[in-house]
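Participant: need the 3D shape of this:
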Amino acid sequence: MKKTVRMFFLLLLCCMWSSLLTAQDKRVVTGVVRDSTGQPLVAVNYQVKGTKLKGITDESGFFKVTLPAGIPQPVLVFSAVGYRERSVQVQGKDILEVSLAIDAGNLNEVVVTGFGEKRSKRGLGYAVTQVAGEDIRRYNPINPIAGLQGMVPGMQVQSGVAGPQATTRFLIRGSASLDPYRNQPLVVIDDIVMDQDVVIPNRGGDQDFGNILKDLNPDDIESVSVLKGGAVTALYGSRAANGIIYIKTKKGFSQKGLGISFSESALWDKAYKTMDLQNEFGGGSNTKDFITGADGTLEINPANYFYNYGPPIAGQTVKDITGLTRKNVSNDVLSLFRQGFTNNANVAISGGNEKGTFRLSYSNLYSNGVTPNNNFKRNSVSFRGTQRLANKVMVDANVSYVKSDAYNPNNQGENGLLRNTAWAARNYDMDYWNTHYINEQEGGSFKDDIIGLTPVLYILYEDKLTQAENNLRGSVDIKAALTNWLEFQGNASVNYLGQNYEGHLRGRNAGFMNPEYQSSIRNVTVGRYRGNFNVTKRINELNFMLQAGAELNTSRSKYAYYKTNGAILPDVYRLSNTKDAATITEDPPNKTQLSSAFFQGSIAFKDYLTLNLYGRNDWNSTLVYNDGHGHFSYFYPGADVAWVFTDAFKAALPKAIDYGKLRVSYVSSGNGTMAYKANTGAYKANAPYVDRNGTSVTNYQYKENELPNQNLIPERSIKFETGLEFKLLHNRLGGDFTFYTQDTKNQIISFDVPATSGVPRALVNGGLVRNRGIELHLFGTPVKTRNFSWDVAFNYTRNRNTVVTLPLGAQSVRIGGGDGYDVIAKAGGEYGALTARYAYARYQAKDAGGNNISDSKNGKRVLAAASAYTSYYVRASNYADGLDKQPVLGSVNPDFLGNLRNTFNYKNFQFSVTLDAKYGGMVYSYASDFGQWVGSTKSTLPYRTKERGGLSYVNSAGAQMENGVIIDGVYQRGTSVKGLDGQTHDLSGMTMKEAYDKGWVNPTSSNSYYSNTHSWGNGIREEAIFTSSWVSVQQAFISYDLPAKIAGKFKCNGLRVSVIGNNLFYLYNSAKDHVNPVSFNDSGSGASTETSGIPYIRSYGFSLNASF
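Facilitator: Residues are numbered from 1 along each chain as shown. Next comes the predicted model:
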């Protein structure tokens, strides 16, 4: 291994050394190449006419060429795909400004596809969306996947809420797997596969340290290609069943001397809004809850301070529960949050000539989240070099190392900061408790805080949770030209991730006793080795391409967790400080292997009709049993056709049609399961023992809670898509429309089985999930003059999925949810159906024999009565006569997603604003539910006073009240109360209005109405389940490119300054109480719970990009 690493780095150094060999200076000409809007063009080819001197513009559009002596009138020729070639006479100029015009007749757009190969988009029969690295870097300096939000039709992106390091949720074309955490696409970086183990989504835990994608440096990215079609599965195997996100990094350019690029970005995060909180009533159970002290001072009553139905907040002088006298004013929840800040600096050195190039970059990022003590640091260095050997062999090698540290992710569970502050009494003195959460006399957490916020603050400020990661990834790609039509290609890559977690949980007890130390170690190593032959041949009007080869993928992972139980000394954090035996858990070594043989071929007729064929056979170790048998081998074919009909009928079509292509694709793919899942050995680790040599040895025993299955067959996905691409009016208008369908069957899933089997679950095959949808991308330039242009881009995504069948004939399977509500895949229904055990019970009238009968009250909400003074709604799960004890309320999946971007260019200025929209999709909101329980939200203001619609009545204590509510509902059968007249009355089948009109019941107080409807023990979860639709101003920026002549005076080839804004504000938000619609603590496909994880946060800042 050491010898291999040494040879690898020696090869990189050779690439770097060779690329520095340049000729002696004669005359140097520099300049910048731009498009018609003034934006720099990268990778433009330039050549001195009549010579072999040539090169490629860098990421700033800059070029530099040395003219030899003896050329009297030198001419530079510039060319790029999709643009008209242009020749420029130098004529004694040393600095040139070159503009290239779009060539409407040459629309041979090139995109990056599988194995990192560049292919003409016109010959592809499946959908590909390519996003330039600059478009991603401009907005999101941490996670490049989050930067894709709204840019790719068919792709749903949701940023995490745990801080800058948080996991990003992303799906392509909906959810197909019944396991909600196996729907994410495959991420590939320069042909280095990010195994699912290292891109694993957040599974809804309290703290999210993020996955490996936070360790990617956006400044190293040249482009991101989202490959949505099933055909790419033949290149990357079953792991690519959900699509591929291919990230291509930058490399050096052929140029004179060294090129240096520098970028700096600074973003400030501002928590600017919470859900709608009321500021009119403070702690207490009724408006007369103040106590008058002996000195006549009003005192806050601590008895019911948890609720917000107390006296009005009117600036009165009151004695607080702390014993301090202060003004009775509402608090500012946001005062506990800080201003976040992210700084990212990157410097890169590059160089090269015709034989080789190199690029070396270093990036330093530091980020503070808006939640106190939440920080993230990342340092990364990467090197990529290319070298041509003997004009027959090209070597492309790269290596990256990233060290990152995430500190104290924002807690999203019961100890979350926003959750606890938003539900606190509105006149609670948060500023005081923010500095008094420690018991100053005894140490430990202060325990006399009635609200219970001090333990949350203690955890926030005193606990130290850190996850350090080391990520080393590298690859070597070798291409050898055997003949002019035959090439051999070999590729080897490795991706190592090491995670080390430490938790220092300071003792809560007096004297800070009983601290807890936690530690875990996780190592994942993924290797990929591929060899293939590539054939390209042209015979008359036919172009042939064939790629065939074999591949080996390996994955190994280890995990161990350690924790103290009790402690001997306070504030000492190591395993030896444990009082009782430490908890030690080790997972068995996890090793998988996937061997494959593959091919892809194409036949193109006149470059406008292309047939692509694909095939792959996988031998998957996860389906091999102990005796060697199993259905571990599976083949999946695919085919697609691309027809550029505008080339076929040039003369017959109107001149307004520049380009048109029809495409169709069909592919079948397979998949296995997790390591050791199918074998008769499903094991769990026991406590280790010490052998005679003093070595700790972990032993395992058979896991008895899941029945293995030795007859598993591979999962199967059948994908079909068709699409239309077009460009009109000299590229002033264009679009890409796609219709797709995907069936995923024979899914391998751990499923509930009858108790008679002896185990609760079994590993089975079964189920069919169908996804169908449309994707639309439209773009155009409504206005275009010499110095000004207006560009518009619009994306639309609509996906519908159906659970056709489930394993073992089951009717539903749970894929998400929480207390009292579930997200399920329902047979015959939708994947992501949201149901509620704690929904409203619905009334059903019955005759004397118990048979259902027709009645105008059927379907109304059911009531119960605690007394004549208190009525409340009944849960469906508690209603014996309910029509459905767990009704389906809707779907968590959006009806559609939309994104609109407007970009305006004026000379060297560019301004862009992006609107992002989501329509439909139901969520359950903890914030709204429990905010209404305690009365902290504005939605609980109705009925509190006479002016707000409250009814007058006399309560059970004889007090006159004006906060009565007549609840809309029907009393369940068997309901009787002792009425206000002292008689017992049967209320069965009566509405509350009818019982009130008879004088049998009083109105229910507004605080009882809200607290009973939303309480933890009796609440109706359906009341906090709603459709979440929104339109946001997602991004905006304005940038300025310094003219080349001015930049040259500062020895600078190019300079761009940008002002940036992200997540600026919402134009529309349908969420109840206007809770943050993107505050989810789960990145699986069943995510449905808004958790009060974060307030609304907007970012603003600037970036600077310079090249020398």
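
Participant: can we go C-alpha only for contacts and neighbour counts from here?
Facilitator: OK.

Participant: what's the average pLDDT for the helix or strand that contains residue 1034?
Facilitator: In this assignment (DSSP states H and E), residue 1034 forms part of strand 1030-1041. Averaging pLDDT along strand 1030-1041 yields 93.

Participant: what is the longest strand seen in the chain packed up against?
Facilitator: In the chain, with assignment by DSSP state E, the single longest strand is strand 542-567. Judged by 3 or more CA pairs under 8 Å, 6 or more residues apart in numbering; DSSP states H and E, strand 542-567 is in contact with strand 516-539, strand 578-586, strand 590-605.

Participant: buried stuff in it?
Facilitator: The neighbour-count check on strand 542-567 (16 or more other CA atoms under 10 Å) flags 543-559, 561-567 as buried.

Participant: likewise stretch 321-336?
Facilitator: Of the residues in stretch 321-336, those buried (16+ other CA under 10 Å) are 321, 328, 329, 330, 331, 332, 333, 334, 336.

Participant: now for those residues: which two are most distant?
Facilitator: Within the buried residues of stretch 321-336, two members stand farthest from each other by CA to CA: 321 and 334, at 21.8 Å.

Participant: pLDDT value on the closest residue to residue 784 other than its chain neighbours, please?
Facilitator: Closest residue to residue 784 apart from its sequence neighbours, by CA to CA, 6 or more residues apart in numbering: residue 790 at 6.5 Å. We note a pLDDT of 93 for residue 790 in this prediction.

Participant: check which helices and strands the helix or strand containing residue 790 is in contact with.
Facilitator: Using DSSP H and E, residue 790 maps to strand 788-805. Strand 788-805 is packed against strand 761-784, strand 831-836, strand 896-906, with contacts defined by 3+ CA pairs under 8 Å, 6+ apart.

Participant: can you do 6 Å?
Facilitator: Counting contacts by 3 or more CA pairs under 6 Å, 6 or more residues apart in numbering; DSSP states H and E, strand 788-805 packs against strand 761-784, strand 896-906.

Participant: after that strand, next one along is what?
Facilitator: Counting by DSSP H and E, what follows strand 788-805 is strand 812-818.

Participant: could you give the mean pLDDT of that following strand?
Facilitator: Here strand 812-818 scores 83 as its mean pLDDT.

Participant: going forward can the numbers begin at 47, since that is how I track them
Facilitator: Yes, from this point I'll number from 47; that puts the last item at strand 858-864.

Participant: so which residues make contact with that strand?
Facilitator: 226, 868, 869, 870, 871, 872, 873, 1132 (CA atoms under 6 Å, 6 or more residues apart in numbering).

Participant: strand partners (parallel or antiparallel) of it?
Facilitator: strand 867-872 (antiparallel) (DSSP bridges).

Participant: convert the C-alpha atoms of the partner strand to CSV, please.
Facilitator: What follows is strand 867-872, C-alpha atoms only, in CSV (Å, rounded to 0.1, in the frame of the first residue of the first chain):
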residue,chain,number,x,y,z
TYR,A,867,-49.3,10.3,12.9
ASP,A,868,-47.6,8.2,10.3
VAL,A,869,-46.3,8.5,6.7
ILE,A,870,-47.0,5.2,4.9
ALA,A,871,-46.8,3.5,1.6
LYS,A,872,-50.4,2.4,1.0
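
Participant: related to what we said a few turns ago, now the helices and strands packed on strand 588-613 as TSV including mean pLDDT and distance to residue 168?
Facilitator: Converted to TSV, these look like this (pLDDT from 0 to 100; distance: least, CA to CA, whole Å):
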stretch	mean pLDDT	distance to residue 168
strand 562-585	92	17
strand 624-632	88	52
strand 636-651	89	10
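
Participant: of the ones you listed, which is nearest residue 970?
Facilitator: strand 562-585 (32.3 Å).

Participant: for the closest one, buried residues please.
Facilitator: 562-581.

Participant: I figured residue 1037 hits residue 1016, correct?
Facilitator: Yes - if you go by CA atoms under 6 Å, residue 1037 and residue 1016 touch, sitting 4.3 Å apart.

Participant: which of the two has more neighbours?
Facilitator: Shown here are residue 1037 and residue 1016; by other CA atoms under 10 Å, residue 1016 has more neighbours (27 against 22).

Participant: so how far is residue 893 from that one?
Facilitator: Plainly put, residue 1016 is 16 Å away from residue 893 if you go by CA to CA, to the nearest Å.

Participant: likewise residue 74?
Facilitator: In terms of CA to CA, residue 74 sits 99 Å off from residue 893.

Participant: more crowded one of the two?
Facilitator: Remark: of residue 74 and residue 893, residue 74 carries more neighbours, 14 against 9, as counted by other CA under 10 Å.

Participant: residue contacts, the more buried one?
Facilitator: Per CA under 6 Å, 6+ apart, neighbours of residue 74: 111, 112.

Participant: mind running it again at 10 Å?
Facilitator: 110, 111, 112, 113, 114, 139, 140, 141, 302 (CA atoms under 10 Å, 6 or more residues apart in numbering).

Participant: neighbours around residue 447, how many?
Facilitator: When neighbours are counted by other CA under 10 Å, residue 447 comes out with 18.

Participant: oops, could you answer that again for residue 991 instead?
Facilitator: 17.

Participant: how close does it sit to residue 1002?
Facilitator: For residue 991, the distance to residue 1002 - CA to CA - is 18 Å.

Participant: next one: residue 491
Facilitator: Counting by CA to CA, the separation of residue 491 from residue 1002 is 40 Å.

Participant: looking at the two, which one has more neighbours?
Facilitator: Higher neighbour count among residue 491 and residue 1002: residue 491, with 26 against 13, using other CA under 10 Å.

Participant: low pLDDT regions in the stretch 847-996 of the chain?
Facilitator: Under the criterion of pLDDT under 70, the regions of the stretch 847-996 of the chain flagged as low confidence span 924-931.
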